[in-house]
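Q: Let me see the structure of the following:
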Amino acid sequence: MELEFVAPDLRRLDELSGELVVCSVWSDERPFGALAGKLDWRFGARLSSLVKSRFVDGAGGESLLVPGRPHVPFEKVMILGLGARSAFGEGTFRDAIDRIVTAMVGLRVRKAVVELPGRGHGAIEPDRAIALLFDRAMSHEEIDVWWLVEDAAGEKLMRERAKEEERRARQASMRSQEAR
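A: Numbers count the residues shown, from 1 in each chain. Okay, here's the model as predicted:
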């Protein structure tokens, strides 16, 4: 799987197009922040309306898929509930990454734009987020590219950590081949 980056700006996101964009929401944050807030604005508060009607509430483990076009240049928008912000941790992050991978594989989506869970709010450090992403998702051959929504500082840290993780993966692969 290849990693690319895009700034958390609607104009930059409009330059991309694809099958899926993924954002996350907290159960105790209204209005939405980060990418979910930008998408909600683009949707004319339709996502907020789903919350007001109690169709979705941001509970941990919750996933919702809504059509994206014509409001955004993506066919589908996946919204992940992360639960209460104060309860967010690595377990929540791992679970959310697993849900994204399962959805992408099930929908046969090979490329997606993803705001890593908690990253839009700084709830997890960039280097830790990328390490956990490698642990949970990088081995899936059914996925080609993740465009990570990240600011310049986070992107720099993630690129550095990604190089380390790729080096570790190559070394582990070589050791595995030698053992055969």
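
Q: which helices and strands does the element among helices and strands of the chain having the smallest mean pLDDT pack with?
A: The weakest-scoring helix or strand in the chain, judged by mean pLDDT, DSSP states H and E, is helix 152-179 (a mean of 88). Applying 3 or more Cβ pairs under 8 Å, 6 or more residues apart in numbering; DSSP states H and E, we find helix 152-179 packed against strand 2-6, helix 126-137. Heads up, the C-betas are built off the backbone N, CA and C, glycines and all.

Q: Report the angle between the longest one and helix 152-179.
A: Counting by axes from the mean of the first three to the mean of the last three Cα atoms, to 10 degrees, helix 126-137 points 40 degrees away from the direction of helix 152-179.

Q: what do you get for the shortest one?
A: Between the direction of strand 2-6 and that of helix 152-179, the angle (the same axes, to 10 degrees) works out to 180 degrees.

Q: helices or strands up against strand 2-6?
A: Counting by 3+ Cβ pairs under 8 Å, 6+ apart, strand 2-6 packs on strand 145-149, helix 152-179.

Q: sorry, back to before: quick check: which of the helices and strands packed on helix 152-179 is buried the most?
A: Across these, the average number of neighbours (mean count of other Cβ atoms under 10 Å) peaks for helix 126-137, which reaches a mean of 19.
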